[in-house]
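**Student:** sequence and predicted model, in that order:
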Amino acid sequence: MKNIGIIGAGSMAEAMLSGFIQGEVYDAQHIYVTNKSNAERLNDLQRQYGVNISLNKKEILEKADLIFLAMKPKDVKEAIHSIKRYVTEKHLFISVLAGVSTSVIEEMLEKKVPVIRAMPNTSASIRLSATGMAKGAYATDEQLTFAKNLFKAIGTVEIVEEEQLDAVTGLAGSGPAYIYYLVEAMELAGKEVGLDEETARSFIIQTLYGASEMLKQTKKDASVLRKEVTSPGGTTEAGIHVLKTNGFKEMMIECVKQAQARSKELKHSFNEMLLKERA
Ligand SMILES: NC(=O)C1=CN([C@@H]2O[C@H](COP(=O)(O)OP(=O)(O)OC[C@H]3O[C@@H](n4cnc5c(N)ncnc54)[C@H](OP(=O)(O)O)[C@@H]3O)[C@@H](O)[C@H]2O)C=CC1
Ligand SMILES: O=C(O)[C@@H]1CCC=N1
């Protein structure tokens, strides 16, 4: 694929284009970005990354053969309506939209277009995304392999059944935000136990990084690694007791389940919308 067209220029679009450029997967000159109407945002992206920008959807579809859909689910219908007349057999679509099925995108495009769904996260911007991926009815295995290799340049990729993408969204697509929320709490805790903000932040980041690498490098279960920290009757036991007696695990499980449920809700709302339109 010679040129990428990214439709939607928000947080996820920027994370991906940043990772593609950093990973030397695509030069900025081969990336074309558009959005709905925010010319200032496009100018900022061009200034920062050197990508091509345009509010002319026809131009984007003419220049690019690989098209990323990166708008919010609520805007997908209008976005696809604005491009479908320019879609040809040269185009491969990769959608990062939560909850919008490949079949919905194919129906909105009114063509048997190859569509692949990817569920990355914003760690793509430093090439550390965890991406789930599934192909639509008209995408080939070769196109899926191409898309997988593309996202492997900005992190890890797991090919899943499309039905599993709601779970992937709940766990990993939204996952960074759960960690950032934990860090917000630990930063407040650091302050309450008498550390200045910068010192607390430094300790928290290194502790998170170290724990992440311990999980990755030792391949030990989290429960085993936790027990290795927890001296009987010691400080860790005292802290973990608070988490256990206040339902921390149950809260995290419910957090992921609710995010998955919202993804399913989005999916069903689009399916119902299309059913009504067909009627
Ligand atoms: N943020 C994340 O961590 C992740 C997000 N995603 C998915 O990525 C998608 C984008 O999310 P995010 O980047 O956070 O959202 P943002 O709100 O940051 O960006 C949305 C972008 O879509 C553009 N847009 C809206 N309508 C249209 C249209 N009709 N034509 C072209 N562009 C349009 C907006 O343009 P304008 O500013 O002009 O309105 C804006 O640039 C969502 O579907 C989300 O589910 C997936 C994984 C992770
Ligand atoms: O919050 C959202 O809907 C998007 C999808 C996954 C992460 N952000």
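**Tutor:** Done, it's in. Ligands and ions are numbered 1, 2, ... in the order given.

**Student:** use CA for all of it now, contacts and neighbours both
**Tutor:** Noted.

**Student:** wait, what's in contact with residue 4?
**Tutor:** Contact analysis of residue 4 by CA atoms under 8 Å, 6 or more residues apart in numbering lists 30-32, 64-68.

**Student:** narrow those to just the buried residues.
**Tutor:** Among the contacts of residue 4, those scoring as buried are 30-32, 64-68 (criterion: 16 or more other CA atoms under 10 Å).

**Student:** could you find the closest non-adjacent residue to residue 29?
**Tutor:** Leaving aside its sequence neighbours, residue 29 sits nearest to residue 51 (CA to CA, 6 or more residues apart in numbering; 5.7 Å).

**Student:** how many neighbours does that neighbour have?
**Tutor:** Counted with other CA atoms under 10 Å, residues neighbouring residue 51 total 21.

**Student:** rewinding a little: which of the buried ones among the contacts of residue 4 lies closest to ligand 2?
**Tutor:** residue 68 (14.9 Å; CA to the nearest ligand atom).

**Student:** what pairs with the closest one across the strands?
**Tutor:** residue 6, residue 94 (DSSP bridges).

**Student:** I'd say it and residue 6 touch.
**Tutor:** Yes - applying CA atoms under 8 Å, one finds residue 68 in contact with residue 6, separated by 4.6 Å.

**Student:** what's the most distant pair in the contacts of residue 4?
**Tutor:** 30 and 68 (13.3 Å; CA to CA).

**Student:** hmm, who's touching the helix or strand where residue 236 lies?
**Tutor:** Element membership for residue 236, per DSSP states H and E: helix 235-245. By CA under 8 Å, 6+ apart, the residues outside helix 235-245 that reach it are 229-231, 249.

**Student:** again with stretch 86-97
**Tutor:** 58, 61-62, 64-73, 113-120, 139, 143, 147.

**Student:** next step: the buried ones among the contacts of residue 4 restricted to strands.
**Tutor:** 31-32, 66-68 (DSSP state E).

**Student:** and the strands in the stretch 51-200 of the chain?
**Tutor:** 52-53, 66-69, 92-95, 115-119, 129-135, 155-159 (DSSP state E, counting those that start in this stretch).

**Student:** ok so, going back, of all the contacts of helix 235-245, which comes closest to ligand 2?
**Tutor:** residue 249 (21.1 Å).

**Student:** check contacts around the closest one.
**Tutor:** Per CA under 8 Å, 6+ apart, neighbours of residue 249: residue 243.

**Student:** ok, it to ligand 1 distance?
**Tutor:** Counting by CA to the nearest ligand atom, to the nearest Å, the gap from residue 249 to ligand 1 is 23 Å.

**Student:** assign that residue to helix, strand or coil.
**Tutor:** helix (DSSP: H, G, I helix; E, B strand; the rest coil).

**Student:** where does it land on pLDDT?
**Tutor:** Residue 249 is assigned a pLDDT of 98 by the prediction.

**Student:** measure it to residue 240 for me?
**Tutor:** 11 Å (CA to CA, to the nearest Å).

**Student:** got the residues of the chain near ligand 2?
**Tutor:** 98, 169, 173-174 (CA under 6 Å from any ligand atom).

**Student:** out of the residues you listed, who's nearest ligand 1?
**Tutor:** Among these, and counting by CA to the nearest ligand atom, the member closest to ligand 1 is residue 98, at 3.9 Å.

**Student:** hmm, that closest one is touching residue 120, no?
**Tutor:** No - counting by CA under 8 Å, residue 98 stays clear of residue 120, with 9.9 Å between them.

**Student:** dump the ones in strands among the buried ones among the contacts of residue 4 into a markdown table; add pLDDT as well.
**Tutor:** Below are these laid out as a markdown table (pLDDT from 0 to 100):
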| residue | pLDDT |
| --- | --- |
| 31 | 98 |
| 32 | 98 |
| 66 | 97 |
| 67 | 98 |
| 68 | 98 |
